[in-house]
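Visitor: let me see the structure of the following:
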Amino acid sequence: MSLERLMFFFGAGVSFPSGLPGARELTQRLTSKSWFRHTDDRYYEGPSMAGWEGIDYGRVAQELVRNLLRREDRYRASRKAPPTNYEDVFSLLDRLISESTGQRYSLDSGTLLRSLESRWLKKHNEGLKYPWTDNPYASALQHAQYLIQGVIRTELGRNVPVVGFDLLKSCRDCGLAGRYDFATLNHDLLLERFLSSIELPVADGFADIRGDAAFYSEESLRVALGSRLMKLHGSIDWYLLRDDGKDDDATLFEGIAKTPGDSWHCRTPGGWVYSPLKGEPEVVTGTHSKEAAYSDGIFRSQMLVFEETLRQTERVVCCGYSWRDSGINVRFRTWLKSNPATRLIVLHKNVPELEATPGWRWFDWYDDLIKKSRVVIVPKWLCETTLADITPHLN
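Guide: Next comes the predicted model:
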């Protein structure tokens, strides 16, 4: 048997066997380790310290995160809900920034913002500045988000061995499909490292080479004849760079690029240094912030290509996904509804846990899908799954 196309869809769980942290561990490291803001506008692990402005951004940002975590955890405990994680805090910060800058008004975020201003932020009003506002509260909230992004970059960028992706090699070696596509919600680089190790080339859209940087082009991803890689939540090696046009024949250019190393020392074709417009990489996080991101910039582009690829695919193998992203769930639902020949194969060892997940039963017709084998659950993790476990479900 050989399929024309097969898609693998990955969530954070596939990175655990390699030793990368999940949401709970990232939250613990965010609040328990010490972090400082460097002169390159990034946050790094190490003793907090004041910058040249005399402000200890790391301390201020971390205390704000801890404060929000405590408040949110008290509320969740009263509702017997799961503990708060860094994504929940990031999403809450989004709402507070919008409220503080007058972009939106709501009773819940407005009440919390007033409480923060009166009981906590006033004692930390140290003249924090952010380019688009003189509002110190909005600035502190933004730095808390930058801290979270810095922790993501640091902890998910650790050099760990790649473990648990052998199923992909088995599929490739036996010619299971004519073409493989990969969609992932993970910011880390484990999947890219594994595909490179088995010499399975993929197009990721970063084909516009300009000096040291490879810039993203949606068209190059759309027209790729081979396998595609879509990173729907961004990546720790994506940076927003600008060529300031210092070469005689250069024009001002700005875009999302992958860099071979430090984005602050990435050079243009003429040898000038690119200007990073943000210290932290382009990643999407926040429990309720992702759907908005799916409609903007590179994330909209990646999502459009993902939807297009889904329409061309009848079999998807889903691994390590928590089913807590409503935007992704809706797209899988639309895909299953649009073509009765489609089938979703879900690798999840703890089936009762999966079926108890609020986001899992995302259809009125879920039981019918299971009954007709349109949705199939294989009770194994990706790292345990063999070719024989999934082949019967690919017919």
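Visitor: and R222, what does it touch?
Guide: Applying Cβ atoms under 8 Å, 6 or more residues apart in numbering, we find R222 in contact with 305, 308. C-beta here means a position set from N, CA and C on the backbone, and glycine is covered the same way.
Visitor: kindly recompute the last result at 10 Å.
Guide: 203, 205, 228, 301, 304-305, 308-309 (Cβ atoms under 10 Å, 6 or more residues apart in numbering).
Visitor: where exactly do the helices run in this structure?
Guide: Ranges of helices within the chain are 23-32, 57-78, 86-100, 107-119, 136-156, 166-173, 190-197, 218-222, 290-293, 297-311, 326-338, 351-356, 366-371, 387-390, based on DSSP state H.
Visitor: list the helices and strands the longest one packs on?
Guide: Taking 3 or more Cβ pairs under 10 Å, 6 or more residues apart in numbering; DSSP states H and E as the contact definition, the neighbouring helices and strands of helix 57-78 are helix 23-32, strand 35-37, strand 43-45, helix 86-100, helix 107-119, helix 136-156.
Visitor: could you dump these into a markdown table with mean pLDDT, distance to C383 and mean neighbour count added?
Guide: As requested, the helices and strands packed on helix 57-78 are arranged in a markdown table below (pLDDT from 0 to 100; distance: least, Cβ to Cβ, whole Å; neighbours: other Cβ atoms under 10 Å):
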| stretch | mean pLDDT | distance to C383 | mean neighbour count |
| --- | --- | --- | --- |
| helix 23-32 | 96 | 18 | 17 |
| strand 35-37 | 93 | 31 | 23 |
| strand 43-45 | 95 | 28 | 19 |
| helix 86-100 | 89 | 24 | 22 |
| helix 107-119 | 73 | 40 | 14 |
| helix 136-156 | 90 | 18 | 23 |
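Visitor: among these, which is nearest R331?
Guide: Nearest to R331, of all those, is helix 86-100, at 19.2 Å by Cβ to Cβ.
Visitor: what angle do that closest one and helix 23-32 make?
Guide: Using axes from the mean of the first three to the mean of the last three Cα atoms, to 10 degrees, the inter-axis angle of helix 86-100 relative to helix 23-32 is 60 degrees.
Visitor: okay, helix 86-100 in CSV with CA atoms only?
Guide: Extracted in CSV, the C-alpha atoms of helix 86-100 (Å, rounded to 0.1, in the frame of the first residue of the first chain):
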residue,chain,number,x,y,z
TYR,A,86,2.7,30.2,31.6
GLU,A,87,0.3,30.2,28.6
ASP,A,88,-2.6,31.2,30.8
VAL,A,89,-0.5,34.1,32.2
PHE,A,90,0.6,35.2,28.7
SER,A,91,-3.0,35.4,27.6
LEU,A,92,-4.1,37.3,30.7
LEU,A,93,-1.2,39.8,30.0
ASP,A,94,-2.6,40.3,26.5
ARG,A,95,-5.9,41.3,27.9
LEU,A,96,-4.4,43.6,30.5
ILE,A,97,-2.2,45.3,28.0
SER,A,98,-5.2,45.9,25.7
GLU,A,99,-7.2,47.3,28.7
SER,A,100,-4.3,49.5,29.9
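Visitor: and the angle from it to helix 107-119?
Guide: Using the same axes, to 10 degrees, helix 86-100 lies at 80 degrees relative to helix 107-119.
Visitor: circling back to that earlier point, need the helices and strands packed on helix 57-78 in TSV (columns: distance to H288).
Guide: Formatted as TSV, the helices and strands packed on helix 57-78 follow (distance: least, Cβ to Cβ, whole Å):
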stretch	distance to H288
helix 23-32	14
strand 35-37	24
strand 43-45	23
helix 86-100	4
helix 107-119	12
helix 136-156	14
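Visitor: touching, S197 and K169? I think so.
Guide: Yes - look at S197 against K169 with Cβ atoms under 10 Å: they come within range, at 8.7 Å.
Visitor: list the contacts of A388.
Guide: Going by Cβ under 10 Å, 6+ apart, A388 touches S170.
Visitor: so for S197 and K169, which sits in the more crowded spot?
Guide: Ranked by neighbour count (other Cβ atoms under 10 Å), S197 and K169 place K169 first, with 16 against 11.
Visitor: count of neighbours near the closest residue to that one other than its chain neighbours?
Guide: Spatial nearest neighbour of K169, excluding adjacent residues (Cβ to Cβ, 6 or more residues apart in numbering): I198 at 4.8 Å. Other residues near I198 come to 12 when the count uses other Cβ under 10 Å.
Visitor: next: F299.
Guide: 21.
Visitor: outline the domain layout of this protein.
Guide: 6-20+161-235+283-393, 23-156, 237-282 (automatic domain parsing).
Visitor: start to end distance for stretch 243-262?
Guide: Distance across stretch 243-262, first residue to last, is 16 Å (Cα to Cα, to the nearest Å).
Visitor: oops, could you answer that again for stretch 165-180 instead?
Guide: Using Cα to Cα, the end-to-end distance of stretch 165-180 comes out at 14 Å.
Visitor: what about it, average pLDDT?
Guide: Mean per-residue pLDDT for stretch 165-180: 91.
Visitor: how far does that stretch sit from its chain's centre?
Guide: 25 Å (Cα atoms, centre = their mean, to the nearest Å).
Visitor: let me see the ranges of the strands in the stretch 201-350 of the chain.
Guide: 202-203, 208-210, 213-215, 227-231, 238-243, 253-258, 275-276, 315-319, 343-347 (DSSP state E, counting those that start in this stretch).
Visitor: quick one: the fourth one to helix 166-173, angle?
Guide: Note on geometry: by the same axes, to 10 degrees, strand 227-231 and helix 166-173 are set 160 degrees apart in direction.
Visitor: what angle sits between strand 227-231 and strand 238-243?
Guide: Using the same axes, to 10 degrees: strand 227-231 against strand 238-243 is 90 degrees.
Visitor: show me what strand 227-231 is packed against.
Guide: Strand 227-231 packs on strand 6-10, strand 180-184, helix 190-197, strand 202-203, helix 218-222, helix 297-311, going by 3+ Cβ pairs under 10 Å, 6+ apart.
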